[in-house]
Structure formats: C-alpha cells, structure tokens
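1. sharing a sequence plus its predicted fold:
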Protein chains: 2
Amino acid sequence: MTGGGRAAGVTDLPTDLPDETMVAAEQQIGLLFRTAMQRWKEQAASIHPDLAPKAFAVLRTLVDDGPAQARDLVTRLGTDKSVLSRQITSLERLGLIEREVDEHDARARRLVATPAAAARVTRVRAARHDDVRRRLAAWTREERAVFVDLLGRLTAPDDA
Amino acid sequence: MTGGGRAAGVTDLPTDLPDETMVAAEQQIGLLFRTAMQRWKEQAASIHPDLAPKAFAVLRTLVDDGPAQARDLVTRLGTDKSVLSRQITSLERLGLIEREVDEHDARARRLVATPAAAARVTRVRAARHDDVRRRLAAWTREERAVFVDLLGRLTAPDDA
DNA sequence: CGGTTAATGTTGCTCACAGCAACTATCGAA
DNA sequence: TTCGATAGTTGCTGTGAGCAACATTAACCG
C-alpha cells in the first residue's frame, strides 16, 4: 500500500540506504508517546477517577523517589511550575499527598505521598497495568545505556 | 542533592544494578518529547505564523510522502480524524494544501501540498532548523533498527 | 542595617491537542 | 432499495503547555 510513496530526494541527505527504518522509527516515536499517555490515563483513573494523568506522574515520582519540592519536580519531569502547581493542588485535594512547609525555607513546601496513595500506586503497578518505568527496569543496563545515547543524540541541541 | 532518593524496593524487580540509566532513560523520553514539540513549533512558525505544530506535521507528511487522504494520515500519524480534519482545514485556509474530491470516491478528498508550501518546507529544512527526521537519517541503518526495537519493546501491548 | 536580586509557588490567561459522539454524505453489498 | 460500513465535519470537554504577573521569603552586598 505505502509501497513507493516518498517523493524524490526531498531530504537530500546521505541516507545510507533506502530505509523502512526511517518510517518505522518515526512511527515508533509517535507510538511511544501515545501508548504512554494511554497507559498513564488508565492507571491514573484506577487510582482515582478524578486524577489527571500528569498528576499521576507527579504522584508516582513522589512515591518512587521520596518527598520532594515542586522545584525538584520541575527538574525531574521537565514541566512548567505552573502546571505542577495545579497538579499538586489537585493531588492534595484528593488526599493523595500532603504539603508541609519546609522547616528551613518558608517558601518551599515539602511534598509527601500519603501511605494510602503509596499503597495504591504499588497495587496498580502490581495489577500489571504496566508502565514505562517497569519496562525500562526489565531491560539490561546496557540496553538502557544505548537507549539513552540514541535518544540523547536525537535531542542534542545541534550536532553539525 | 538527589543523592540517595529512591525509597526502598518499591519496584521489586530484578534490576540488574543500582542504575542511573533508569533515571536517565526516563528523562530522555521526556526530553525527546519536549524538544520535538519545541522544534516543530519553531519550524511551523517559520513557515507561517498561524500554523499549528500538528498542522505542520501533516503538511510535512504530505510533502514527503506525496498526496494522501485524511484516512491515510490517521494511520500514519495516529491522530484522531477530528483533529486532522481541523488541521487540514487550517492548512487549506492558509493556502498550503489543496483539497480535491477523489475521482473514484466522492466521500474522499485528495490532499495535495501546494508547490509553494513544498518549497517552504524544503527551505525550512535546509535552513538547518533541524528536525527528528534529519537526525534519524544521519544514523546508520543498524542504529535505527536498534532504536525501533527498543522503542517497540517499550510500547508493546504486554510482554509477560 | 536596608535595599536589591533571586528563588519558590500561585494564579490568570491563551493556545494546542486529544478524543468521543453525533451527524452528513457516499459507497458497497445483500 | 435498504442496510451497514466508510470518509469527513463539527460540537463538546478535558488535559496540558507555557508565559506573565504576583506574593512571599531568602540570600547577597554595600
């Protein structure tokens, strides 16, 4: 069906060989994105019907990596602080995390997942509603290293 | 700072070794996503200020792979037809594509990038406003194959 | 000490997108 | 011709990105 699509040499690059790998790689990237979103959505809903996917990502981070401040999450998740602030508010409203003022810095708030929330996250994971993290964990260290390298080259600021 | 974060054995998996690769892999995935979005946004804007990133992805596909119908784009881009329909409308409004009724099926519309649009896409690409496709093209066939495999395992429906 | 600068969060706003559902129009087949 | 499937369009809602303005507190510096 998609047999001989590609219009001439639009990308006049030294493309080794014809390549189905190009198309495949692009589609996989899209797929990764979409399936991850899908999975997160399902998992989030199974923890609490009103839990947004992104908020679940926040919760997961707190459960896995322990208490943190919003600014740490900005770094780890790479999301704007405004977005995080809202997700955090919602998590607190749902009783999944607690927000305590930091004892050394009155601006900062220490975010802690409640035991109940941690238990639910673990349960959801165990329930085989798999996630990216689990899959990555099943790889060998080397595979992950290769993966990181390849992705890194894909995202490098500029390479030539 | 983030020294010894990870709370106990929350994920009781056979995790080869401690692993910075886990964290790195996750961050890279996020990074891939964000930088790709960013780049697309920039490129889209440089073609037309009112061009949405996703609409640019559509245009790019049409330029690279030739004329197609909306339903083909659903397959290739994995996006809902409603979203595509709107992007297509906007592309037409901006004069970047043309929509002709298919001669064999009056329901379908054949989408064609205008020569002007194709020229702009090519120019933007050449202008070193690099994109994922170009980077992938710079890899070896083998690297791409590994990449596809790894990503595939990340998105597989269920592996155990 | 007081004043400036920086950092933590919160809130308001806008836009991009996903995705379901309902609908029209057309095709293909029973 | 009637029925079911398919191509697209449109309306709606929810999620998220991200900028900008703001309040609060910290840290620095003369």
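-> Looks like it arrived, so ask away.
2. end-to-end on stretch A:116-136?
-> Taking C-alpha to C-alpha, to the nearest Å, the first and last residues of stretch A:116-136 lie 26 Å apart.
3. near DNA strand D, anything from that stretch?
-> No. Using C-beta under 7 Å from any atom of the strand, stretch A:116-136 never reaches DNA strand D; the gap is at least 13.8 Å. Every C-beta, even on glycine, is put in place using the N, C-alpha and C of the backbone.
4. can that stretch be said to contact chain B?
-> Yes. Legend: contact between stretch A:116-136 and chain B by C-beta under 8 Å from any C-beta of the partner chain is shown at A:118, A:122, A:125, A:128, A:130, A:132, A:133, A:134, A:135, A:136.
5. which secondary structure element contains the second one?
-> In this case it means residue A:122. helix A:115-126 (DSSP states H and E).
6. avg pLDDT for that helix?
-> The average of the pLDDT scores along helix A:115-126 is 89.
7. swap in stretch A:70-78?
-> 92.
8. got a pLDDT number for residue A:155?
-> 73.
9. repeat for residue A:20
-> The model reports residue A:20 with a pLDDT of 67.
10. sorry, back to before: list the buried residues for the next helix or strand after the helix holding residue A:122?
-> Sequence order places helix A:132-138 as the next helix or strand after helix A:115-126, per DSSP H and E. Neighbour counts using 16 or more other C-beta atoms under 10 Å in any protein chain shown place A:132, A:133, A:135, A:136, A:137, A:138 of helix A:132-138 among the buried residues.
11. other SSEs contacting helix A:132-138?
-> Packing partners of helix A:132-138 (3 or more C-beta pairs under 8 Å, 6 or more residues apart in numbering or on different chains; DSSP states H and E): helix B:21-47, helix B:141-155.
12. next, the angle from the shortest one to helix A:141-155.
-> With axes from the mean of the first three to the mean of the last three C-alpha atoms, to 10 degrees defining the directions, helix B:141-155 sits at 110 degrees from helix A:141-155.
13. helix B:141-155 near chain A anywhere?
-> Yes. Counting by C-beta under 8 Å from any C-beta, contacts between helix B:141-155 and chain A involve B:141, B:143-148, B:150-155.
14. and that helix, is it in reach of DNA strand C?
-> No. Applying C-beta under 7 Å from any atom of the strand, one finds that helix B:141-155 is not in contact with DNA strand C, the shortest distance being 13.3 Å.
15. who are the contact partners of residue A:150?
-> Residue A:150 is in contact with B:139, B:143, B:146, B:147, B:150, counting by C-beta atoms under 8 Å, 6 or more residues apart in numbering or on different chains.
16. ok so, going back, and the angle from the helix holding residue A:122 to helix A:21-47?
-> Interaxial angle of helix A:115-126 relative to helix A:21-47 (the same axes, to 10 degrees): 140 degrees.
17. buried set for helix A:115-126?
-> Going by 16+ other C-beta under 10 Å, helix A:115-126 has these buried residues: A:117, A:118, A:120, A:121, A:124, A:125.
18. these two touch, right, the fifth one and residue A:44?
-> No. Under the criterion of C-beta atoms under 8 Å, residue A:124 makes no contact with residue A:44, lying 9.1 Å away.
19. show me what from chain A comes close to DNA strand D.
-> Within chain A, the positions adjacent to DNA strand D are A:40, A:52-55, A:79-80, A:82-83, A:87, A:105-107 by C-beta under 7 Å from any atom of the strand.
20. check these one by one and keep those near DNA strand C.
-> Contacts with DNA strand C are made by A:82, A:105, A:107 out of the residues of chain A next to DNA strand D, judged by C-beta under 7 Å from any atom of the strand.
21. ok, is the one helix or strand the first one maps to in contact with chain B or not?
-> With secondary structure defined by DSSP H and E, residue A:82 is part of helix A:81-93. No. Contact check for helix A:81-93 against chain B, using C-beta under 8 Å from any C-beta: none in range, with a minimum separation of 12.1 Å.
22. pull the distance from that helix to the chain's centre.
-> 16 Å (C-alpha atoms, centre = their mean, to the nearest Å).
23. who are the packing partners of it?
-> If you count contacts as 3+ C-beta pairs under 8 Å, 6+ apart, helix A:81-93 packs onto helix A:53-65, helix A:70-77, strand A:97-101.
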